[in-house]
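Chemist: Just a sequence and a predicted model for now, questions to come.
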Amino acid sequence: QVQLVESGGGLVQAGGSLRLSCRASVRTFSSNAMGWFRQAPGKEREFVAAISWNSGSTDYADSVKGRFTISRDNAEKTVYLRMNSLKPEDTAVYYCAGARTYYSDSLPQKTQYDYWGQGTQVTVSS
């Protein structure tokens, strides 16, 4: 059974930082591209960041470039999202996702992902 479990969300003041974690139980994790997406109330789920299977390539939404960093630890089957200089507009439920592609580059489209976590809430107060 494929499972992704996110953690690390919470309430933070504008300008603060959080680090999200996503632990996977999927057997093929080390060869799969991974990504983070977010969904604010009343809005569609949008791309945040993506990373290739070996961390060789990363991709970010323009709105988070320079503030967020995606990374992964294949030995721990975990992907991280470090979020700095948080803004109220970053408030959303953040989802981790995995793509059953093998040894691909980072993937920026949500339609490219096959399995998803349940999400973790991030709230940034002004």
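Modeler: Received it, and whenever you're ready, just let me know what you need. What you are looking at is a predicted structure, and each value in this text was computed from that prediction instead of being measured. Numbering: from 1, shown residues only.
Chemist: would you list every one of the strands in this protein?
Modeler: Taking DSSP state E as the criterion, the chain carries its strands at 4-7, 10-13, 18-24, 33-39, 46-51, 58-60, 68-73, 78-83, 92-99, 115-116, 120-125.
Chemist: Which strands and helices lie in contact with the last one?
Modeler: Using 3 or more C-beta pairs under 8 Å, 6 or more residues apart in numbering; DSSP states H and E as the contact criterion, the secondary-structure elements in contact with strand 120-125 are strand 10-13, strand 18-24, strand 92-99. Where C-beta positions appear, they are placed from N, C-alpha and C, glycine not excepted.
Chemist: Skipping adjacent residues, who's closest to the residue nearest the centre of the chain in space?
Modeler: Nearest residue to the geometric centre of the chain (C-alpha atoms, centre = their mean): W36, 2.2 Å. Nearest residue to W36, sequence neighbours excluded (C-beta to C-beta, 6 or more residues apart in numbering): V48, at 4.4 Å.
Chemist: Count the residues that sit near the one you found.
Modeler: 24 (other C-beta atoms under 10 Å).
Chemist: bridging residues for A49?
Modeler: Here A49 sits in beta bridges with W36, Y60, as judged by DSSP bridges.
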